[in-house]
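Trainee: This is the structure alone, sequence omitted:
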Ligand SMILES: Nc1ncnc2c1ncn2[C@@H]1O[C@H](COP(=O)(O)OP(=O)(O)OP(=O)(O)O)[C@@H](O)[C@H]1O
Ligand SMILES: [Mg+2]
């Protein structure tokens, strides 16, 4: 009985999971999910690549860590493997809820978890007609959104997007019409328009890790990853923002566990990265200029870190590169400005903890390069332990 890891491409997260498994003495079996043929017939199923039959390999596997990159591929992989009798982390019902921001928000909302005011209009901004013409719906959609969210700033986002892609801020009617006009139905936004009230957060937001092992209560990690900066209203690191590890107040950990239970439902093992914003409004204990100056001081060490992250050798000499990354992080975290900004965030979170708004659950979070080093959580460990807990609970070890 072993643990499988499924992916289409191995990135640093997957390499990190393998390295961690090695350190823990866990045998991990690779399951490809790209150039393979999955055959179903009267004799059962086979999974084969051009050169190798993976069916036997799969026979040995009880639990699969699903690390396919796209949400669609992950959902398909979970459906296939669960039908073949494997336990998948995350299970397909969890994956299904996380797939769509609206779905996640609906479930949070039903449980009384605070979320940003959200409006969904199940209509695309323009629709092709049979005669080759087009129906334009921007004006009507804008009316509906402004009636619900007011005439101030409105955030428009694709329902299944990641990395902040196409998350846009409309400051007023004209902006809103332009942005709506530019939306297109796509694989990350199948139907309609998802909009939110623009939350008056400060310069940071939070990514909080919750997980459950079989037979244990759900657990919220006491530190979170804060993504922070003044570059954009989106704090995604993809846009050059910085990362900090911050301690969470007990109240937030409790709500995060509730979010986890809401998405994890009856599944015995799962792992989620929750995205949350703190609505601070005007409650800022430092002026922005001071904080910006602190960010400026951190830039050289953060740039050095980014350089290591973009090092081309990382996949070929993973272990060496990983050491370099850890050193660069160490240097970045030892800066006085790092400690200062971290304290400002922690204090702001503590003061405004009751204004935390949860808005997304990520089922396959990236962690090796940031969450692990900034917040001190190597997600490979809870993932592997979760997998082991399923084997133990089902087969007694
Ligand atoms: N309603 C909102 N009000 C203010 N800022 C928002 C709002 N929604 C999103 N943002 C900002 O935009 C960022 C990206 O939004 P969101 O998490 O919805 O997109 P994403 O594509 O899922 O990004 P990621 O993959 O990093 O989670 C958030 O981290 C937050 O900083
Ligand atoms: Mg997000």
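Mentor: Ah, there it is. Quantities reported herein were computed from a predicted structural model and do not represent experimental measurements. Ligands and ions are numbered 1, 2, ... in the order given.
Trainee: any residue of the host helix or strand of residue 72 up close to ligand 1?
Mentor: Assigned by DSSP states H and E, residue 72 belongs to helix 71-83. No. Contact of helix 71-83 with ligand 1 is not found when judged by CB under 6 Å from any ligand atom; the minimum separation is 10.6 Å. To be clear about C-beta, it is placed using only N, CA and C from the backbone, and glycine gets the same treatment.
Trainee: How about residues contacting that helix?
Mentor: With contact meaning CB atoms under 8 Å, 6 or more residues apart in numbering, helix 71-83 is reached by 6, 8, 33, 38, 64, 66, 68, 88, 90-92, 95-96, 98-99, 160, 162, 187, 363-364.
Trainee: buried residues in stretch 371-389?
Mentor: By 16 or more other CB atoms under 10 Å, the buried positions in stretch 371-389 come out as 371-375, 377-389.
Trainee: List the ones among the residues you listed that fall in helices.
Mentor: Under the assignment DSSP state H, those contribute 371-374, 380-389 to helices.
Trainee: Identify the residues contacting residue 275.
Mentor: 205, 206, 207, 358, 359, 360, 361, 362.
Trainee: Assumed the fifth one was part of a strand.
Mentor: Read that as residue 359. Yes. Looking at residue 359 with DSSP: H, G, I helix; E, B strand; the rest coil, it is inside a strand.
Trainee: Does it touch residue 107 like I think?
Mentor: No. Residue 359 is beyond contact range of residue 107, at 12.0 Å (criterion: CB atoms under 8 Å).
Trainee: Tell me which of these two has more neighbours.
Mentor: residue 359 (22 against 17; other CB atoms under 10 Å).
Trainee: all strands of the stretch 201-350 of the chain, in order?
Mentor: 204-212, 219-220, 223-228, 242-247, 270-278 (DSSP state E, counting those that start in this stretch).
Trainee: quick one: the longest helix that the chain contains to chain centroid distance?
Mentor: Longest helix in the chain, counting residues (DSSP H): helix 288-309. Per CA atoms, centre = their mean, to the nearest Å, the displacement of helix 288-309 from the mean C-alpha position of its chain is 24 Å.
Trainee: from the stretch 1-150 of the chain, which residue is nearest to ligand 1?
Mentor: residue 116 (4.2 Å; CB to the nearest ligand atom).
Trainee: correct me, but that residue touches residue 205?
Mentor: No. Contact criterion CB under 8 Å: residue 116 and residue 205 do not qualify, at 11.2 Å.
Trainee: Could you tell me the end-to-end distance of stretch 226-241?
Mentor: 10 Å (CA to CA, to the nearest Å).
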